[in-house]
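Visitor: Here you go, sequence then predicted model.
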Amino acid sequence: MDGLHLTMVKFSKDQQRILIFSGWLTLILSCMVAGCSKDNKPGEGSNTPVTQMEEARLLEGKAVYDAHCATCHMADGSGAPPMNPPLIKTSFVLGEPDQLIVIILNGMKGVEVDGERYRNVMPGLPYLTDQEIADVLTYVRNSFGNQAGQVLPSRVSDARMSVDDR
Ligand code: HEC
């Protein structure tokens, strides 16, 4: 105890200033590295890795779905067999985005869906915008128990051009 006391009083004014300064520096640096930015990352550590951007796309997609798809495929995606197929984990819904986009653009008729036949005809909905088609497919691929990648509007415009070229 005595020894510590002695070393303390041996510090000059300059040495004390340097000690206080480096103390503050350590505090500020560790705050920058660890604590202070914590609040800027919502969703980190939670179970849903959906960003705010994707959430907005899903909301828009649901609006398109309710307006243009739910009459045949039902609000919960269960469809209306034997007229309209479900959109729950079918090979189409979970499959290639390009094929899905073409179904929305051109419609679909007389095609088996996972071994089942459906009597109704799906009309093409080419008047939907690239963004609307991207959003509704992103919504379908991440609702009703489905889990598949987001569809981007640029992919829809590419598919639209290749459909037009045929
Ligand atoms: C008028 C009724 C009707 C509307 C409206 C409609 N569909 Fe369909 N859809 C069908 C039918 C019927 C089929 C199956 C056609 C076949 O068997 O060839 C189908 C097939 C599909 C398929 C492929 C098969 C499957 O079940 O995975 C997808 C995906 C799909 N529709 C999504 C949509 C989306 C998304 C919308 C809205 C943007 C929509 N449909 C609007 C009737 C409809």
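Guide: Great, that's in hand. None of these values were measured; they are calculated from a predicted model.

Visitor: C-alpha only now, for contacts and for neighbours.
Guide: Will do.

Visitor: Strands of this structure, residue ranges please.
Guide: 107-108, 122-123 (DSSP state E).

Visitor: so what strands line up beside the last one?
Guide: Just to be clear, that refers to strand 122-123. strand 107-108 (antiparallel) (DSSP bridges).

Visitor: And the pLDDT for Ile20?
Guide: Note for Ile20: predicted pLDDT of 72.

Visitor: got the strands of the chain as a markdown table, with distance to the ligand columns?
Guide: Formatted as a markdown table, the strands of the chain follow (distance: least, C-alpha to the nearest ligand atom, whole Å):
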| stretch | distance to the ligand |
| --- | --- |
| strand 107-108 | 4 |
| strand 122-123 | 4 |
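
Visitor: of all those strands, which lies closest to Leu25?
Guide: Relative to Leu25, the nearest member of the strands of the chain by C-alpha to C-alpha is strand 107-108, separated by 64.8 Å.

Visitor: just to revisit the earlier point, okay, the strands of the chain in a markdown table with mean pLDDT next?
Guide: Below are the strands of the chain laid out as a markdown table (pLDDT from 0 to 100):
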| stretch | mean pLDDT |
| --- | --- |
| strand 107-108 | 98 |
| strand 122-123 | 98 |
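
Visitor: mind giving me a markdown table with those and columns for mean neighbour count and distance to Ala134?
Guide: Listed next are the strands of the chain as a markdown table, based on neighbours: other C-alpha atoms under 10 Å; distance: least, C-alpha to C-alpha, whole Å:
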| stretch | mean neighbour count | distance to Ala134 |
| --- | --- | --- |
| strand 107-108 | 14 | 16 |
| strand 122-123 | 16 | 18 |
